[in-house]
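> Quick check, what structure comes out for this input:
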Amino acid sequence: MTPTNHVCFKDFDLQQMSMALQFAETLRCRQRAGDAIRHITMSSENPDSVGTPGVSSPSSSYNWKKRRI
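Next comes the predicted model:
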């Protein structure tokens with residue numbers, strides 16, 4: 001097995017879950033056959049997200065306190 005710097009990825013629409021799963025399975029088959037594919041994952045992003053991605057500063061009205069019992 002020869003390592004490569006080739007990245008395999010593909011974007012799918014929200015309604016194409018079956019196609020995304022089939023693509024992941026194709027990559028897994030290639031991996032089992034000896035291709036240098038190291039990591040296979042699927043992720044999604046909420047298109048209706050209302051904030052910026054990642055951690056952001058809370059608003060001044062946010063009042064969280066850690067309480068120990």
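> Let's verify Asp35: helix, strand, or coil?
What DSSP: H, G, I helix; E, B strand; the rest coil gives for Asp35 is coil.
> How much space separates the one residue sitting closest to the centre of the chain from Phe9?
In the chain, the residue lying closest to the centroid (C-alpha atoms, centre = their mean) is Ser43, at 2.4 Å. As judged by C-beta to C-beta, to the nearest Å, Ser43 and Phe9 stand 11 Å apart. Heads up, the C-betas are built off the backbone N, CA and C, glycines and all.
> and what of Gln31?
15 Å.
> Who has more neighbours out of those two?
Using other C-beta atoms under 10 Å, the more surrounded residue of Gln31 and Phe9 is Gln31, with 15 against 7.
> Which residue is the nearest non-sequential neighbour of that one?
In space, and not counting its chain neighbours, Gln31 is closest to Ile37: 4.2 Å by C-beta to C-beta, 6 or more residues apart in numbering.
> Count the residues that sit near the one you found.
Number of residues near Ile37 (other C-beta under 10 Å) recorded here: 17.
> Can you read off the pLDDT for it?
Looking at Ile37, its pLDDT is 84.
> residues contacting it?
Applying C-beta atoms under 8 Å, 6 or more residues apart in numbering, we find Ile37 in contact with Cys8, Leu27, Arg30, Gln31.
> for those, which one is nearest Gln15?
Within these, the smallest distance to Gln15 is 21.0 Å, found for Leu27 (C-beta to C-beta).
> element containing that closest one?
Using DSSP states H and E, Leu27 falls within helix 17-32.
> could you dump that helix to PDB, C-alpha only?
Taking C-alpha atoms only, helix 17-32 is exported to PDB below (Å, rounded to 0.1, in the frame of the first residue of the first chain):
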ATOM      1  CA  MET A  17     -28.600  10.600   1.900                       C
ATOM      2  CA  SER A  18     -28.800   7.300   0.000                       C
ATOM      3  CA  MET A  19     -26.300   8.500  -2.500                       C
ATOM      4  CA  ALA A  20     -24.000   9.800   0.300                       C
ATOM      5  CA  LEU A  21     -24.100   6.400   2.000                       C
ATOM      6  CA  GLN A  22     -23.400   4.600  -1.300                       C
ATOM      7  CA  PHE A  23     -20.400   6.900  -1.900                       C
ATOM      8  CA  ALA A  24     -19.000   6.100   1.600                       C
ATOM      9  CA  GLU A  25     -19.500   2.400   1.100                       C
ATOM     10  CA  THR A  26     -17.600   2.700  -2.200                       C
ATOM     11  CA  LEU A  27     -14.700   4.300  -0.400                       C
ATOM     12  CA  ARG A  28     -14.800   1.500   2.300                       C
ATOM     13  CA  CYS A  29     -14.700  -1.100  -0.400                       C
ATOM     14  CA  ARG A  30     -11.600   0.600  -1.900                       C
ATOM     15  CA  GLN A  31     -10.100   0.800   1.500                       C
ATOM     16  CA  ARG A  32     -10.600  -3.000   2.100                       C
END
